[in-house]
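J.: just a sequence and a predicted model for now, questions to come.
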Amino acid sequence: MVTFIVCLVALIAAYFLYGGVMARIAGIDPKADVPSKTMYDGVDYIPMPRWRIFLIQLLNIAGTGPIFGAILGACYGPVAFLWITLGGIFIGAMHDYLSGVISLRNGGQNLPDIIGKYLGKGMHKFTLLVIPILMILVGAVFIVTPSQILTDNTDIPYMVWVVVIIVYYFIATILPIDKIIGKIYPIFGAALLFMALSFLVVLFSGEYTIPELTTIENMHFNSENLPIVPTLFISIACGAVSGFHATQSPLMARCVTSETQTRPIFFGAMITESIIALIWAAIAMAFFGGTEALNDFMLANNSNAGSVVSIISKTTLGRLGSILTILGVVVAPITSGDTAFRSARLIIADMLGFDQRSIYKRLAVSAPLFAIGIFIAFIDFDVIWRYFAWSNQTLSVFTLWMITAWLMRKRSSFYVLALIPAIFMTYVCSSFVFVSTQFIGLGATTAAYVYGAAVTAIFSGLIMLKIRKDVKSGVSI
């Protein structure tokens, strides 16, 4: 319990302390113009109140990540608490906050455009190709996941749910952001928070014991094929750091009414998601009486985190609590899926120069995206998810390097606060390629980690040379 409480307090304190540091580094100006006023179009650039944007941002970035990812990470033991806390504060919240500010300062530009501005044309072209594909992949994943959960908990066939979700996604993607997303997301966001708080009460009820962090944890997943380094940092993404978040920030950057809103919306939403992940990691370990028992259950249920959610919610919260939990687990991915397609629409529209005030042009961009997404949704789900997790963390690498470049161009000595996380996540993603059987499959060998370090050194060195060249040439921010 002590480890959990310390991590929980650290996350809450970080919003006020480290969040304040980030705001000073960013140079927040309450009087600065914002895109919702200067570029208002009634579709994507629409001013909304802070509390509404916060709840929308929370749902946009959440998906099943802070729940399913946290449960998978809990299989490694209480060390998951450290990654959620330290990663959430020093990498995830910084990543989300500064990428949101950068987008805001650049007229609400999408991630590929701001990456291109600060890392060069080559990166721009690469991310213009990769990010829309990732967004469609996210949308496809979040067609499958909620459809399966709803099928398991109702008498309605799977394909009916698939059709219903796809139709909803299409409508939410093309309508102005304040028509559906702006109205129902705050309600679902509140439900997600209520669910997390309910489990926090359960944890403090005294009925369950949360394992403490020790140096002798020996878990089933800490093996040659699934070593803690780097697999833990890939498994727990949304609760610690996720590249997907930076694709969602421009949606809200187009709706804020003052730069002062950026800390609660971007930094605050990420900290909140880390708290949700921390709670789910704790309840997963505590409910089964320890990490080893959790691992046994997961192995018996084919590593199905949804089974963990179901049994915990029914046992601890009763029927009503179970319904609310299932609702939260269903709503979270759906609300990330529709905004993933929306982000893809905006990226493609910006690339083609299509004015999105016309519904016909929105339809023209959206229809092909959905056709691809529906096709992907019928591919083996395990294959989709396996590569989504790594791709998501790799996207965070590009975003962190973009933030580093932005800070260096600002002549800020605090660029190291982004540089260290950028190098760390580069190593995580590089070493995973050599360790995991999804790629080269060397396992947890010295060679795999050395190769990962070599790739990290080369990649980091080349990017730093590019950034320093830009800084010396006086390229503005």
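T.: That came through fine. Residues are numbered from 1 along each chain as shown.
J.: surely Cys7 is in contact with Phe81?
T.: Yes: using Cβ atoms under 8 Å, Cys7 is in contact with Phe81, at 4.7 Å. (Glycine included, C-beta is placed from N, CA and C.)
J.: quick one: common contacting residues for the two?
T.: Leu278 (Cβ atoms under 8 Å, 6 or more residues apart in numbering).
J.: okay, now Ile84: neighbour count?
T.: Neighbour count for Ile84, taken as other Cβ atoms under 10 Å: 31.
J.: residues contacting it?
T.: Cys7, Ala70, Gly73, Ile236, Gly239, Ala240, Ser274, Ala277, Leu278, Ala281.
J.: mind listing which of those residues are in helices?
T.: If you go by DSSP state H, the contacts of Ile84 have Cys7, Ala70, Gly73, Ser274, Ala277, Leu278, Ala281 in helices.
J.: what's around Gly42, how many residues?
T.: Gly42 has 11 nearby residues by other Cβ under 10 Å.
J.: contacting residues for the residue lying closest to it once chain neighbours are set aside?
T.: Excluding the flanking residues, the one nearest Gly42 by Cβ to Cβ, 6 or more residues apart in numbering is Pro176, at 6.1 Å. Neighbouring residues of Pro176 by Cβ under 8 Å, 6+ apart: Gly42, Val43, Asp44, Ile46.
J.: ok, now with 10 Å
T.: By Cβ atoms under 10 Å, 6 or more residues apart in numbering, Pro176 lies in contact with Asp41, Gly42, Val43, Asp44, Tyr45, Ile46, Gly182, Gln356, Arg357, Ile359, Arg362.
J.: may I have the helix or strand harbouring Met94 exported as CSV, CA atoms only?
T.: Here Met94, judged by DSSP states H and E, is contained in helix 94-105. The C-alpha trace of helix 94-105 is given here as CSV (Å, rounded to 0.1, in the frame of the first residue of the first chain):
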residue,chain,number,x,y,z
MET,A,94,5.6,16.7,-20.6
HIS,A,95,5.0,15.0,-24.0
ASP,A,96,1.3,15.8,-24.1
TYR,A,97,1.6,19.3,-22.7
LEU,A,98,4.4,20.7,-24.9
SER,A,99,3.1,19.0,-28.1
GLY,A,100,-0.3,20.6,-27.3
VAL,A,101,1.3,24.0,-26.8
ILE,A,102,3.4,23.7,-29.9
SER,A,103,0.3,22.8,-32.0
LEU,A,104,-1.6,25.8,-30.4
ARG,A,105,1.2,28.2,-31.3
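J.: pLDDT on it, on average?
T.: For helix 94-105, mean pLDDT is 97.
J.: burial of the closest residue in space to Lys37 that isn't next to it in sequence, as a residue count?
T.: Nearest residue to Lys37, sequence neighbours excluded (Cβ to Cβ, 6+ apart): Pro47, at 6.6 Å. Look at Pro47: counted by other Cβ under 10 Å, it has 16 neighbours.
J.: go on, the one 10 residues further on?
T.: Neighbourhood size, Gln57 [other Cβ under 10 Å]: 31.
J.: just use 506 as the starting number from now, easier for me
T.: Okay, using 506 as the starting number, the last item reads as Gln562.
J.: distance check, the nearest residue to it once chain neighbours are set aside against Phe559.
T.: Leaving out its chain neighbours, the residue that sits closest to Gln562 by Cβ to Cβ, 6+ apart is Ala774, at 4.3 Å. Ala774 sits 6 Å away from Phe559, going by Cβ to Cβ, to the nearest Å.
J.: more crowded one of these two?
T.: Higher neighbour count among Ala774 and Phe559: Ala774, with 29 against 21, using other Cβ under 10 Å.
J.: who's in contact with that one?
T.: By Cβ under 10 Å, 6+ apart, the contact set of Ala774 is 558-567, 598, 601-602, 605, 694, 750, 753-754, 757.
J.: by contact count, what packs against the helix or strand hosting Ile566?
T.: According to DSSP H and E, Ile566 maps onto helix 555-567. With contacts defined as 3 or more Cβ pairs under 10 Å, 6 or more residues apart in numbering; DSSP states H and E, helix 555-567 has these neighbours: helix 599-610, helix 686-708, helix 748-758, helix 773-792, helix 810-857.
J.: quick one: closest of these to Thr719.
T.: Closest approach to Thr719 among these (Cβ to Cβ): helix 773-792, 12.8 Å.
J.: list the buried residues in the next helix or strand after that closest one.
T.: Using DSSP H and E, the helix or strand that follows helix 773-792 in sequence is helix 796-805. Neighbour-count burial for helix 796-805 flags Thr796, Glu797, Leu799, Asn800, Phe802, Met803 (criterion: 16 or more other Cβ atoms under 10 Å).
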